[in-house]
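Engineer: Here you go, sequence then predicted model.
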Amino acid sequence: MRRRAAVLTAGALAGALALTGCSGSGTGSDKAELSVGSSYMPQPVSADMAAGFLTITNKGGAEDELTSVTSDVAGEVTMHSTVGGAMTEKSSFAIPAHGRLVFRSGGNHLMFEKLKRAPKQGQTVTVKLTFSESGPLTVEMPVTSATYNPSTGH
């Protein structure tokens, strides 16, 4: 009888722990957990404007929002989406829980305007990303060749 009670108690405890794990409380998963990868800036072909690309990954259980981008190399950094060939300036971008926000050539991208200096291939550009919920992230964005394609590495 004692053995049966111990098995039932262990089973109930395991079930309770499984349910607690699903609640998301106390695990930290109810917040955004942001990281940045695949950042690069093609060497600008214009003296006053450049583009930038990166991926923001959210491993957390809550959505966040990219609200602004700044850089010491530019007077202004704007965010754009491109859909069906039409480019639109955006004031923010959502980053879904357990998802990604991708800035890539031909899609969402950053525009570095009023360049203070012309970034050259091999240098890095410091970029500060500001979010509605999470703290800011600072990224060192490498400057690549003007024709760099991340899918081929050239």
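Structural biologist: Cool, the structure landed.

Engineer: other SSEs contacting the one helix or strand residue 127 maps to?
Structural biologist: Counting by DSSP states H and E, the element that carries residue 127 is strand 124-131. In terms of contacts (3 or more CB pairs under 8 Å, 6 or more residues apart in numbering; DSSP states H and E), strand 124-131 is packed against strand 34-42, strand 49-58, strand 64-71, strand 137-144. To be clear about C-beta, it is placed using only N, CA and C from the backbone, and glycine gets the same treatment.

Engineer: can you rerun that using 6 Å?
Structural biologist: Applying 3 or more CB pairs under 6 Å, 6 or more residues apart in numbering; DSSP states H and E, we find strand 124-131 packed against strand 64-71, strand 137-144.

Engineer: Just checking: what are the partner strands of that strand?
Structural biologist: Next to strand 124-131 in the sheet, as set by DSSP bridges, lie strand 64-71 (antiparallel), strand 137-144 (antiparallel).

Engineer: Now stretch 46-53 - C-alpha only, CSV.
Structural biologist: The C-alpha trace of stretch 46-53 is given here as CSV (Å, rounded to 0.1, in the frame of the first residue of the first chain):
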residue,chain,number,x,y,z
SER,A,46,27.0,57.2,-52.4
ALA,A,47,28.8,59.8,-50.4
ASP,A,48,25.8,60.6,-48.2
MET,A,49,23.8,57.4,-47.8
ALA,A,50,24.3,53.7,-47.0
ALA,A,51,22.2,50.6,-46.3
GLY,A,52,22.4,48.2,-43.4
PHE,A,53,21.1,44.7,-42.8
